[in-house]
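Chemist: coords please:
(4 chains)
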Number of protein chains: 4
Amino acid sequence: MRFTKRIRYRFGDIDDAGIAYYPKLLHCFHCVFEDWWSEALNKPYAQLLHDDKLGLPAVRLEVDFVAPVVYGDEPDVHLGLLRLGDASVEFGFWMTKDTPQRLLNRARIVTVAVDMTTMQKRSLPQHWRERFAAFTLADGEFPAAR
Amino acid sequence: MRFTKRIRYRFGDIDDAGIAYYPKLLHCFHCVFEDWWSEALNKPYAQLLHDDKLGLPAVRLEVDFVAPVVYGDEPDVHLGLLRLGDASVEFGFWMTKDTPQRLLNRARIVTVAVDMTTMQKRSLPQHWRERFAAFTLADGEFPAAR
Amino acid sequence: MRFTKRIRYRFGDIDDAGIAYYPKLLHCFHCVFEDWWSEALNKPYAQLLHDDKLGLPAVRLEVDFVAPVVYGDEPDVHLGLLRLGDASVEFGFWMTKDTPQRLLNRARIVTVAVDMTTMQKRSLPQHWRERFAAFTLADGEFPAAR
Amino acid sequence: MRFTKRIRYRFGDIDDAGIAYYPKLLHCFHCVFEDWWSEALNKPYAQLLHDDKLGLPAVRLEVDFVAPVVYGDEPDVHLGLLRLGDASVEFGFWMTKDTPQRLLNRARIVTVAVDMTTMQKRSLPQHWRERFAAFTLADGEFPAAR
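Modeler: Alright, predicted model coming up:
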């Protein structure tokens, strides 16, 4: 099961070539990660960090930009799980627009569960492991780059 | 009548003091300005720029930061008109949170209608003048800074 | 005496109108404020915050945008003091380019000295009061908006 | 031969975990790419885009975050060529700090030469091919992630 959120791409997130500046596309993925916590897991990421002292910083990215995002686009951003280790969680993110869906970009983002008090790696709590598992992507659901 | 939109303040829009970096609060105001076009005026700002060749760049800001925004806040952002000239439009923006509403910050932003082909000032079209007028703030609706 | 730093305006800090997105111009002013600490006061702002527990958050902005900044511009950013109170410090910032200098924008930014442990207002230490005073702008040095 | 530039990591580019927000680290790489054009190739990237109608948008990223960047850090950012195809150019970027150098992060960024008039892929001009070749990284110069 994936989590999908439609976003409004912003006026100020454009570069001098007139298309989305790619660091801003990664910012969009992070925003949708935060929305997933709030809307799908019913636990705002701020509470996870502040109250539970648990965070999921990124340690590795692999990103493919397939087609440009322009101002006026309201792409669907999709999030799902690709791999669930003891402490590491690999997410797949991708953006589509139009019907039929056209792929704009995709990212594999590997995160690691961290104790926010010590900033050391820790096992992902069993509670979250179960909740995350529901968002595991089916075979072939994460799109190929080309 | 004001336009109000609740936003989710973002993980990456924090500064090293642990509160909202103020240029990002101005970015939030611009995002809500864009949402006003899409949701209240039913004309995405991108279409206004691209199809109608009309834009509203800011020429002056006056901003008061009353209380900090922190991660986890989901403030209400309010937008209304303070003054409507021939080409210039002065907006009031402010953020509140909690019940009763507590003021976080407020901004007067003067914009000027511009022909996007020439980037020269032009009169605001009558059509938009009428639509904007509905969002004129009542006396005292725009909050005092202290 | 003013502090002046030439900056390279960036590819990704452009908006869909093809000019500088104004929140990014305020970010530029903050960057030059940080450079002033490092290069003119020989105290990186990070050390002031972390070691001395002293910060200078903005409480009020007044900004005039006179001419657009475009990609390729390398404007001079100027910083000086407009007013020095007990806890409050008002800075003037402005950008110019070309010879003779052409004004692009200017900002009055009122900051307040804050104890970073309590986030409460405090008197500006005498040591910094003296160092700041050297950067007081002369009458007429801060440019008129038009 | 690599191009190296020391940067001042910025107050506003921090996230709520108190470390660099990773989309901002990618922004830093792009800034150093622009500095390479201005300072090493003596051709501002803005002129390449505007006058020569040539651009190098990213099509793929692979990034490893090895150690966090914090406010106050002034890392060295290194850029060099990993592979030079007909139209595609793969850059290696990495950040280090301290003596001896400690690796903070690294990125492989694949770009493609594009005609800015049509936004279509084109061969990299021979002139730039030769200038770029001087920045080819030696075997082992691009650091391993761990």
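
Chemist: quick one, strands of chain A?
Modeler: In chain A, the strands defined using DSSP state E lie at A:3-6, A:54-55, A:58-65, A:76-84, A:88-97, A:102-112, A:114-115, A:120-121.

Chemist: Please see if stretch A:50-68 touches chain C.
Modeler: No - Stretch A:50-68 stays clear of chain C (Cβ under 8 Å from any Cβ of the partner chain), getting no nearer than 12.8 Å. C-beta here means a position set from N, CA and C on the backbone, and glycine is covered the same way.

Chemist: picking up where we left off before, export the strands of chain A to a markdown table and tack on distance to residue D:34, mean pLDDT and mean neighbour count?
Modeler: Compiled in a markdown table, those are given as follows (distance: least, Cβ to Cβ, whole Å; pLDDT from 0 to 100; neighbours: other Cβ atoms under 10 Å in any protein chain shown):
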| stretch | distance to residue D:34 | mean pLDDT | mean neighbour count |
| --- | --- | --- | --- |
| strand A:3-6 | 32 | 98 | 15 |
| strand A:54-55 | 32 | 98 | 20 |
| strand A:58-65 | 19 | 98 | 20 |
| strand A:76-84 | 28 | 98 | 19 |
| strand A:88-97 | 26 | 98 | 21 |
| strand A:102-112 | 22 | 98 | 20 |
| strand A:114-115 | 33 | 98 | 16 |
| strand A:120-121 | 35 | 96 | 12 |
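
Chemist: Compile those into TSV and extend it with columns for distance to chain B.
Modeler: TSV is the format used below for those (distance: least, Cβ to the nearest Cβ, whole Å):
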stretch	distance to chain B
strand A:3-6	11
strand A:54-55	10
strand A:58-65	12
strand A:76-84	14
strand A:88-97	13
strand A:102-112	13
strand A:114-115	14
strand A:120-121	20
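
Chemist: Any chance of JSON lines for the ones you listed, columns distance to residue B:72?
Modeler: Below are the strands of chain A laid out as JSON lines (distance: least, Cβ to Cβ, whole Å):
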{"stretch": "strand A:3-6", "distance to residue B:72": "19"}
{"stretch": "strand A:54-55", "distance to residue B:72": "14"}
{"stretch": "strand A:58-65", "distance to residue B:72": "20"}
{"stretch": "strand A:76-84", "distance to residue B:72": "20"}
{"stretch": "strand A:88-97", "distance to residue B:72": "22"}
{"stretch": "strand A:102-112", "distance to residue B:72": "20"}
{"stretch": "strand A:114-115", "distance to residue B:72": "18"}
{"stretch": "strand A:120-121", "distance to residue B:72": "23"}
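
Chemist: Can you tell me what sits against the lengthiest helix in chain A?
Modeler: In chain A, with assignment by DSSP state H, the single longest helix is helix A:22-35. If you take Cβ atoms under 8 Å, 6 or more residues apart in numbering or on different chains as the criterion, helix A:22-35 is touched by A:3, A:5, A:7, A:9-10, A:13, A:44-45, A:61, A:63, A:65, A:69, A:77, A:79, A:91, A:93, A:95, A:105, A:107, A:109, B:8, B:10-12, C:12, D:21-24, D:26-27, D:30, D:58, D:61.

Chemist: can you list the residues of chain A near chain C?
Modeler: Applying Cβ under 8 Å from any Cβ, we find that chain A lies next to chain C at A:11-12, A:14-18, A:21, A:23-24, A:71.

Chemist: can you rerun that using 7 Å?
Modeler: Residues of chain A lying close to chain C by Cβ under 7 Å from any Cβ of the partner chain are A:11-12, A:14-16, A:21, A:23, A:71.

Chemist: which ones among those are found in helices?
Modeler: If you go by DSSP H, the residues of chain A next to chain C have residue A:23 in helices.

Chemist: closest to residue D:130 out of the strands of chain A?
Modeler: Closest to residue D:130 of these, according to Cβ to Cβ: strand A:58-65, at 27.3 Å.

Chemist: ok so, going back, which of the residues of chain A next to chain C sits closest to residue A:139?
Modeler: Set against residue A:139, the nearest of the residues of chain A next to chain C by Cβ to Cβ is residue A:23 (31.0 Å).

Chemist: Check what pLDDT the closest one gets.
Modeler: Looking at residue A:23, its pLDDT is 98.

Chemist: what's the burial count for it?
Modeler: By the criterion of other Cβ atoms under 10 Å in any protein chain shown, residue A:23 has 22 neighbours.

Chemist: same thing with the one 4 residues further on?
Modeler: Burial of residue A:27, expressed as a neighbour count using other Cβ under 10 Å, amounts to 23.

Chemist: And it, how far from chain C?
Modeler: Residue A:27 sits 11 Å away from chain C, taking Cβ to the nearest Cβ, to the nearest Å as the criterion.
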